[in-house]
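A.B. asks: The sequence and its predicted three-dimensional model are supplied below.
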Amino acid sequence: MLQSVFPKTIRGKIMLYTATVTCSIAVFTVTICSFVFQSFLRKNQIQTSEYSLEVICNGTAADLENILSFYKWCSFNTDIAAYLDGFENLSQMPSISSKNSGLRNVALRTYDRLKEEYSYINRVIISPLNSCNYMQISDTTAVSSAHPLSDLTDTGWFQTILSEDGMDNSTFMEDPFLPGSGLMVLPFVSPLSGRYSS
């Protein structure tokens, strides 16, 4: 039976050897090309991933730079300093008829100035240390909560971030104002100074 497969003539043998060598070269070439193609594809995927990560990092760095600029602006703004000093020892907003009614104007002026500079951030809260009279500005997508600010400032993560210069220890977490919502936020906590106190 093998004799019928192998040709008996010289011409048949040459054709068989030529076909065998051609098939071997073709398999070898396809194997090498496949390996080279896979190698180039892997390198291309790595380069694409690196580029995508670089774009994301640059975008995040630009956003963080905006946040840091906003923080610096808040640190040196005289209206915010006046607000922090004025409301430091008050447990509630003074009424219009009280002797401290000028503080309402301070609060409104501070709110207007803060609103002018506010951008890139879902929510900004500025509060004296007593957490009673805080100012909150949020974008249209952020939902406010009725929880008192002291519930937030007494939490462990808040104290950790505040004590270690909040810009370094911030991590994504569920929005503390909307527990159970699944909305993730990146909180920044930084002390601001009034004219006379922190």
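C.D. replies: Right, received. Where do you want to start?
A.B. asks: show me where the chain has helices.
C.D. replies: 2-5, 10-76, 78-86, 102-117, 149-153, 156-163 (DSSP state H).
A.B. asks: List the buried residues for the third one?
C.D. replies: Judged by neighbour count using 16 or more other C-beta atoms under 10 Å, the buried positions of helix 78-86 are 79-86. C-beta here means a position set from N, CA and C on the backbone, and glycine is covered the same way.
A.B. asks: circling back: would you mind finding the most buried of the helices of the chain?
C.D. replies: Sort those by mean neighbour count, taking mean count of other C-beta atoms under 10 Å, and helix 78-86 sits at the top with a mean of 20.
A.B. asks: For S144, report the pLDDT, please.
C.D. replies: Looking at S144, its pLDDT stands at 56.
A.B. asks: now K72
C.D. replies: At K72, pLDDT is 83.
A.B. asks: A26 now?
C.D. replies: For A26, the model assigns a pLDDT of 94.
A.B. asks: again, but for C33
C.D. replies: Taking C33 on its own, its pLDDT is 94.
A.B. asks: ok, Y118 - contacts?
C.D. replies: 70, 124, 137 (C-beta atoms under 8 Å, 6 or more residues apart in numbering).
A.B. asks: Save the buried residues of helix 78-86 as JSON lines, and put in distance to S52 and pLDDT too.
C.D. replies: Below are the buried residues of helix 78-86 laid out as JSON lines (distance: C-beta to C-beta, whole Å; pLDDT from 0 to 100):
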{"residue": "D79", "distance to S52": "41", "pLDDT": "87"}
{"residue": "I80", "distance to S52": "38", "pLDDT": "85"}
{"residue": "A81", "distance to S52": "42", "pLDDT": "84"}
{"residue": "A82", "distance to S52": "46", "pLDDT": "84"}
{"residue": "Y83", "distance to S52": "42", "pLDDT": "84"}
{"residue": "L84", "distance to S52": "42", "pLDDT": "82"}
{"residue": "D85", "distance to S52": "47", "pLDDT": "82"}
{"residue": "G86", "distance to S52": "48", "pLDDT": "81"}
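A.B. asks: No further queries at this time; thank you.
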